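>>> No sequence on hand, only this structure:
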């Protein structure tokens, strides 16, 4: 990936989705945004093979649907973030989903996705999520119970800790 004004140019994006029409739609949108190369995977196992290619052929970003067989998107994400075989646990992962329930989104965030892209997708939403993943990456956390981008979008000052040891905002 080039460090120029347009981080999307010369970027390789892997689109993992069991729906071929959705993969082709996302690929067309990515190409219209200037993405250099798009790789396709109908399932997590095929996506994993792309991620294990020699470094020059690997994707820079993964866009994955959850609902795939034999390896689904959550299993792929867990492999990317936590498996010793994963060549790049820090790779940005964008979840492509039709789910909009906040509990589901929080669960995916807790699994380590960088961004969530809700279906039906638009070119502008896709571009916004892709640019956020590439241009404004969040700090990466590798802890006992979590591996992925910092869940906080903003680094706000805090005024100390409450009685239970949790951080409280500075303005309280």
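Ah, there it is. Given the structure is predicted, the values throughout are model-derived calculations rather than measurements. Numbers count the residues shown, from 1 in each chain.

>>> pLDDT of stretch 112-124, averaged?
Throughout stretch 112-124, pLDDT has a mean value of 90.

>>> And for the residue nearest to residue 125 when sequence neighbours are not counted, the neighbour number?
Distances taken as C-beta to C-beta, 6 or more residues apart in numbering place residue 117 nearest to residue 125, at 6.2 Å, with adjacent residues excluded. Placement of C-beta: from N, CA and C, glycine included. Neighbour count of residue 117, defined by other C-beta atoms under 10 Å: 20.

>>> Can you give me the end-to-end span of stretch 54-63?
The straight-line separation of the ends of stretch 54-63 (C-alpha to C-alpha, to the nearest Å) is 20 Å.

>>> And stretch 92-103, by the same measure?
21 Å.

>>> same deal with stretch 32-41?
This stretch, stretch 32-41, spans 20 Å end to end (C-alpha to C-alpha).

>>> just how off-centre is that stretch within its chain?
Its chain's average C-alpha position is 15 Å from that of stretch 32-41, according to C-alpha atoms, centre = their mean, to the nearest Å.

>>> Check what contacts it and list those residues.
Stretch 32-41 is touched from outside by 6, 8-17, 23, 26-27, 30-31, 47, 49-50, 59, 123, 126-127, 130, with contacts defined as C-beta atoms under 8 Å, 6 or more residues apart in numbering.

>>> if we can go back for a sec, which residues pair with the residue nearest to residue 125 across the strands?
Using DSSP bridges, the bridge partners assigned to residue 117 are residue 96.

>>> any weak-confidence spans in this structure?
The chain contains residues with pLDDT under 70 at 1-6, 136-172.
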